[in-house]
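Visitor: sequence plus predicted model, see below.
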Amino acid sequence: MTDGGPLDLLVELRMADGSRRSFAELFANASVIHVGTLTARVAALADVIGSKEFANRPKDREALPELRGLLSRQGDA
C-alpha cells in the first residue's frame, strides 16, 4: 500500500486460458507513464483483463466491465 493507494508488482500474470505471461512479455506490452518525477511501466489493459478472467474472483469479475470499457475506448483513440 502506498500513500496514493494500492500498488501491485508482478513477475508474471496468468491469462484466461491458463497460460502465463512472463515479466519480459509484460514489460514489452506495458505502457510508460509519468507521475510527477516518477516514471513507471504499467501492464497493458489486455494483460490485466486476461489475468482477472483467469482469477475469476468476485472482485475481478466486478472490475471486468470497467476495464473492458477502458480497453474499448483506447481502441477509439
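Guide: It's in.
Visitor: where do the helices sit along the chain?
Guide: Applying DSSP state H to the chain gives helices spanning 23-29, 45-55, 58-76.
Visitor: by contact count, what packs against the longest one?
Guide: When contacts are defined as 3 or more Cβ pairs under 8 Å, 6 or more residues apart in numbering; DSSP states H and E, helix 58-76 sits against helix 45-55. Any C-beta I mention is one placed from the backbone N, CA and C, and that applies to glycine too.
Visitor: next one: the second one
Guide: Counting contacts by 3+ Cβ pairs under 8 Å, 6+ apart, the secondary-structure elements packed against helix 45-55 are strand 12-14, strand 20-22, helix 23-29, helix 58-76.
Visitor: what separates the first one from the chain centre, distance-wise?
Guide: Pointing back at strand 12-14 there. With Cα atoms, centre = their mean, to the nearest Å as the basis, strand 12-14 stands 10 Å off its chain's centre.
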